[in-house]
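Visitor: Predicted model, plus sequence, below.
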Amino acid sequence: MIKLVVLVYLLLFQYSFADDWYQVEGAYSRVEYQQSNKVIADSLLEIAELSIPRLAKIFELPLNELKKSKVRIIFTDAPDVTNGYALNDAVVIYALSSMYLNMTTGTQTWYKQVLKHELAHTLTFIKIKRKLSFLGEPANLTVPLWFYEGIAQYYTEDWNMYRGDIYIRNAVLTGKLNYSALESLEDGRLLYAASHGFTRFLADRYGDSSLVKVMAHNEKGWLFDFNEAFKKVYGKSPDILFTNYIRRMVIYYGDLLAEYPVSKLTEDLLSIGDRTFQVFPLSAQDSSYLVVYRESEIHNYKSVAIVQFNKGKIKIKKRITNNADTDVFLSKDKTWAAYGRYYYGQKSNQISLKYIWKIINLKTGKTRTISHPLRARQAVFDSVNNLILCETLADQSILHRFNSEKNYHNTMFNTQMPVGSMACLPDDRVIVSAQRDNGYRDLFLLDDSTLTALTNDAHDDRNPVIINDSLIAFNRYLDDNPALAVYNLNTNAINTIFNDQFAYWLHDYDESTGKLIVSNWDADRNDLFATLPLDSIYNQVTQPDTIMKKTAYASWMVKKPDAADMLNLPDSTIPNPTIKSIRFPQSDLIHLVSLAIPWYDEELGFGLYGMTGWMEALQRQALAAVFGVHGREFSKSLVLVTHNLSALNGLFATTYYHGPVIFSHQNGDYIEMYQDIAELARTKNYYIQGNRRFTSSLTLAYTGYYYSINENELQTPNDYGYHGPSLQIQLDYLLPTRLYPALAKRQFGLSVKYFKSLNYQYNFGVSEVNLNLASNLFSESLGLQSRITAINKHGNLPPFKSIGIDRFYEYDFPRDFKYTRPIRGIRKDFDSDRLYWSSTELTLLLSERSGLKLLFLPLNNLTLKGFLDYAALGSDKEDRIYSYGGEISFGESIYRAGFGLAEGKYAGAKSDQEYYFRLSLIMPEL
């Protein structure tokens, strides 16, 4: 049977890699792609072949060495998680569903900017390699993230609004710019901006060579010590020099922004919940608004609701959804609203992402799905309330028109330009913001199938809003400040009418009041919404008389790298690149870590303890091993090897474990046992209706077990084994919040597993059902969770195996040998042929970040619990065991630790109180 399983497993692999993956190769790099993305892959190769020699010159690296180990570039349009990343000598580039790159300015197209940035990372990794770099990533742990990102941005990008200016400006004006901005992962935008600005400051003050000298420090050494290198080159630590950088920023922005007026024309709009993302006035008669917001800071999702704002009080009239992943778009007559929701799936052995679009009639409250899954983030309603969606693919943008009442649509237009936001004129002509080949963002007029440029200059123009049939308001970025401008379709004239010290973004125009809806940032970059009366800003233009960027203050900003120009690469083609198909694109593994430590034990002799980890750049294959091997007695060694391979849009997992049995006790006595477990498993994950919150999985596995018993004084074999197949079906729902798993907002989990032994000597089967239910009660800080388990068997279990309750309630994680569960306060074993078990906890969050520590462990997510544990044993549930008590616990996402008092009770015994310490491991499938 085992041979048959292995044979089927290998035959499946013959057809696992049939995706049309290809590779085009140059002198310094190779690009992997699928046939539909060939044009972009060719362009990526050209960019890489031009960039790598320039970066090598900047970093003072020999080109011949780079030819020997070519940079691997993978381009994919399946997922949509980030622009890209670099890992060792590999670069992954994602085709985003919005190639328009809303959070980017400048003159670079999306893949040029991303690829050059990631190539700079790759050459930085090469530059800081030392003798011990063969150990993997731990050899570079001294290098802070800000240095990697600052180097990449300085050498491959210019200083512009979204890649630095607007975040640093806001931090300076609100007193948020300090050294923690370089270290805090909680504010990634500010970290990147501060990294970019600080690196430019260093290059401006000390020269480009100083940055290279830091990376070249102790080139023949064992390890690269960043702090030592930095202090050697600059004479001071980064935190000391950062105070000088802050001073420069205060002087620069203070001098610059003093030229700007501050308008008094804005009137604040309502704010709701923890953060408001969009506000649409619906009716002045009853002061109702359509609002997109985050209800609580712990929520990892947006909500949409109709609210009433009256006499300073907000009343929620109707909740529409808590699952909107795009902006919300409102029809001109304020009858219809539309939004997109993530739609997840599987594609090319990766998680794929599209959007399904929902429309709601605000008068009737009816919601329906209007589109099949599309890569569309931008939308607009036309004059008769058809919804126009912009599908943005890797190489083109396609405009679709969907009827709001009936299930049909037509394709309106397609263009090779990435398209951003859109607006619709009363006569159904469409204004689109799009990015040209040269990187500039301009406004265009789409009339039937003809696209005409309205703006064509070096300014960044976006966010069009319709005023009437001839006037269009939009944001025009002037000197990295989002001014408000108006375009006249009759005269083709552009007037800048509002350029305030505060950066205002344009959202909408309320025709009933004649006011623009705008927003700016508070100190934490939350949107503050306001109205601007259009007539007033026409009559009282708000803009600076002059903008004087003094050279002495702005030199850091305009500083260009000395050794090579990465911004202006020439147009070029690669002569005769090598192209070939790739049968197994998952094959190239990157070395992440390898560590080994010799050890001596009096009983076992010399041994070697260590670990190693390898992963393919697109995470389609991973190999890891942990070991503690003893030469004198290998049987008492510990070896764990796992291999995961994504194929056939599923996961193939191979696992081998040799080591001690942890929970092998019998009647309180420890039995020294060792086990060998080998498993082949195939898991297929499903997103129900594409919903990332609602998932299911099916796992088929074949597992072999072998046990050896040392010092066995019982009438049992000294060793035995069995093997057989198992099937597991899992269904999960989770409403994501920051407090999970300490407190869940809404959670449902159901797992059903069956294992059947095919060994003739131990012919048995075990079924196990686990149910997990959780919800908050009355507030976000109070929640109730119940875990329920039912375990049943048929046949006779092998020696020492049992079903029931064990005494080790201090450990709340799966048992490695028995089919048992713990009851807090009950230090006794109960065996049976069936188990019904539950644990219910009422949890109160005391503090998310208490600031306290237990030894070296921070007491985060500190909670107070009241619990009830219960078990019924046997076919008739005749043996009932329960306990109740309280517990204070803390922990992070994968563990929790706590102290508690439990009082337990079972038949024939008095109640007994016990104080305890408990360690829990968070296992989502349980």
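Guide: Received it, and whenever you're ready, just let me know what you need. Residues are numbered from 1 along each chain as shown.
Visitor: Longest helix in this protein, please.
Guide: Using DSSP state H, we find that the single longest helix of the chain is helix 38-59.
Visitor: who are the neighbours of that one, in terms of helices and strands?
Guide: strand 21-25, strand 29-34, helix 63-68, strand 71-76, helix 110-127, helix 145-156, helix 208-216 (3 or more CB pairs under 8 Å, 6 or more residues apart in numbering; DSSP states H and E). For the C-beta atoms, the positions are set from N, CA and C on the backbone; glycine is no exception.
Visitor: what would these look like in a markdown table with mean neighbour count?
Guide: Listed next are these as a markdown table, based on neighbours: other CB atoms under 10 Å:
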| stretch | mean neighbour count |
| --- | --- |
| strand 21-25 | 18 |
| strand 29-34 | 24 |
| helix 63-68 | 12 |
| strand 71-76 | 24 |
| helix 110-127 | 23 |
| helix 145-156 | 23 |
| helix 208-216 | 18 |
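Visitor: among those, which gets the worst mean confidence?
Guide: Lowest mean pLDDT within the helices and strands packed on helix 38-59: helix 63-68, at a mean of 89.
Visitor: looking just at contacts, which helices and strands does it meet?
Guide: Against helix 63-68 (3+ CB pairs under 8 Å, 6+ apart) you get helix 38-59.
Visitor: Could you export the helix it packs on as CSV, keeping only the C-alpha atoms?
Guide: Extracted C-alpha coordinates of helix 38-59, given in CSV (Å, rounded to 0.1, in the frame of the first residue of the first chain):
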residue,chain,number,x,y,z
LYS,A,38,6.1,38.2,-22.5
VAL,A,39,6.2,41.9,-23.5
ILE,A,40,6.6,43.1,-20.0
ALA,A,41,9.2,40.4,-19.3
ASP,A,42,11.3,41.6,-22.2
SER,A,43,11.1,45.1,-20.8
LEU,A,44,12.1,43.9,-17.4
LEU,A,45,15.2,42.2,-18.8
GLU,A,46,16.2,45.4,-20.6
ILE,A,47,15.8,47.4,-17.4
ALA,A,48,17.8,44.9,-15.5
GLU,A,49,20.6,44.6,-18.0
LEU,A,50,21.0,48.4,-18.1
SER,A,51,20.6,48.9,-14.3
ILE,A,52,22.9,46.2,-13.0
PRO,A,53,26.2,47.6,-14.5
ARG,A,54,25.3,51.1,-13.2
LEU,A,55,24.5,49.7,-9.7
ALA,A,56,27.7,47.7,-9.8
LYS,A,57,29.6,50.9,-10.5
ILE,A,58,27.9,52.6,-7.7
PHE,A,59,28.5,49.8,-5.2
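Visitor: tell me how far it is from the chain's mean position?
Guide: Relative to the chain's own centre, helix 38-59 is displaced by 27 Å; criterion: CA atoms, centre = their mean, to the nearest Å.
Visitor: before we move on, what about stretch 28-46?
Guide: Put simply, stretch 28-46 sits 25 Å off its chain's centre (CA atoms, centre = their mean).
Visitor: what's the answer for stretch 344-360, then?
Guide: Distance of stretch 344-360 from the chain centroid (CA atoms, centre = their mean) equals 16 Å.
Visitor: Do a quick rundown of the strands in the stretch 251-400 of the chain.
Guide: 267-268, 275-283, 288-294, 303-310, 313-321, 329-330, 336-347, 350-361, 367-369, 376-381, 387-392, 397-402 (DSSP state E, counting those that start in this stretch).
Visitor: Residue 738: which of these is closest?
Guide: Closest approach to residue 738 among the strands of the stretch 251-400 of the chain (CB to CB): strand 288-294, 10.9 Å.
Visitor: Each with direction, which strands does that closest one pair with?
Guide: With DSSP bridges as the test, strand 288-294 is paired with strand 275-283 (antiparallel), strand 303-310 (antiparallel).
Visitor: Rebuild those as CSV, extending it with distance to residue 317, mean pLDDT and mean neighbour count.
Guide: Output for these, formatted as CSV (distance: least, CB to CB, whole Å; pLDDT from 0 to 100; neighbours: other CB atoms under 10 Å):
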stretch, distance to residue 317, mean pLDDT, mean neighbour count
strand 275-283, 10, 95, 20
strand 303-310, 5, 93, 19
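Visitor: Would you format these as JSON lines with distance to residue 748 included?
Guide: Converted to JSON lines, those look like this (distance: least, CB to CB, whole Å):
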{"stretch": "strand 275-283", "distance to residue 748": "27"}
{"stretch": "strand 303-310", "distance to residue 748": "20"}
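Visitor: So which of these is nearest residue 895?
Guide: Among the strands paired with strand 288-294, the nearest to residue 895 by CB to CB is strand 275-283 (30.0 Å).
Visitor: That closest one vs strand 336-347, what angle?
Guide: Orientation of strand 275-283 against strand 336-347 (axes from the mean of the first three to the mean of the last three CA atoms, to 10 degrees) gives an angle of 140 degrees.
Visitor: now strand 275-283, how far from the chain's geometric center?
Guide: Distance of strand 275-283 from its chain centroid, counting by CA atoms, centre = their mean, is 27 Å.
Visitor: got any ranges where the protein has weak pLDDT?
Guide: Scanning the chain for pLDDT under 70 picks out 1-19, 80-82, 97-98, 546-552, 711-715, 877-878, 923-926.
Visitor: just the strands in the stretch 401-550 of the chain please.
Guide: 409-415, 419-424, 430-435, 441-447, 450-453, 460-466, 471-478, 481-488, 493-498, 505-510, 515-521, 527-533.
Visitor: could those strands go into TSV alongside distance to residue 168?
Guide: Output for the strands of the stretch 401-550 of the chain, formatted as TSV (distance: least, CB to CB, whole Å):
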stretch	distance to residue 168
strand 409-415	34
strand 419-424	24
strand 430-435	24
strand 441-447	22
strand 450-453	32
strand 460-466	18
strand 471-478	16
strand 481-488	13
strand 493-498	23
strand 505-510	18
strand 515-521	13
strand 527-533	19
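Visitor: As TSV, these with mean neighbour count would be great.
Guide: Below are the strands of the stretch 401-550 of the chain laid out as TSV (neighbours: other CB under 10 Å):
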stretch	mean neighbour count
strand 409-415	15
strand 419-424	23
strand 430-435	24
strand 441-447	21
strand 450-453	12
strand 460-466	23
strand 471-478	21
strand 481-488	22
strand 493-498	17
strand 505-510	20
strand 515-521	22
strand 527-533	20
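Visitor: Quick one: closest of those to residue 145.
Guide: Proximity to residue 145 (CB to CB) singles out strand 515-521 among these, at 23.6 Å.
Visitor: Figure out which of the strands of the stretch 251-400 of the chain is closest to residue 527.
Guide: Using CB to CB, the strands of the stretch 251-400 of the chain put strand 275-283 closest to residue 527, at 5.9 Å.
Visitor: ok, residues contacting that closest one?
Guide: 269-270, 288-294, 297, 302, 306, 327-328, 330, 334, 362, 507-508, 510, 512-513, 517, 526-527, 529 (CB atoms under 8 Å, 6 or more residues apart in numbering).
Visitor: Please convert the buried members of those residues into PyMOL selection syntax.
Guide: Remark: buried members of those, expressed as a PyMOL selection using 16 or more other CB atoms under 10 Å:
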select buried, resi 269+270+288+289+290+291+292+293+294+302+306+327+328+330+334+362+507+508+510+517+527+529
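Visitor: circling back to that earlier point, need the strands of the stretch 251-400 of the chain in JSON lines with distance to residue 60, can you?
Guide: Formatted as JSON lines, these follow (distance: least, CB to CB, whole Å):
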{"stretch": "strand 267-268", "distance to residue 60": "54"}
{"stretch": "strand 275-283", "distance to residue 60": "46"}
{"stretch": "strand 288-294", "distance to residue 60": "47"}
{"stretch": "strand 303-310", "distance to residue 60": "53"}
{"stretch": "strand 313-321", "distance to residue 60": "55"}
{"stretch": "strand 329-330", "distance to residue 60": "51"}
{"stretch": "strand 336-347", "distance to residue 60": "41"}
{"stretch": "strand 350-361", "distance to residue 60": "37"}
{"stretch": "strand 367-369", "distance to residue 60": "56"}
{"stretch": "strand 376-381", "distance to residue 60": "42"}
{"stretch": "strand 387-392", "distance to residue 60": "40"}
{"stretch": "strand 397-402", "distance to residue 60": "42"}
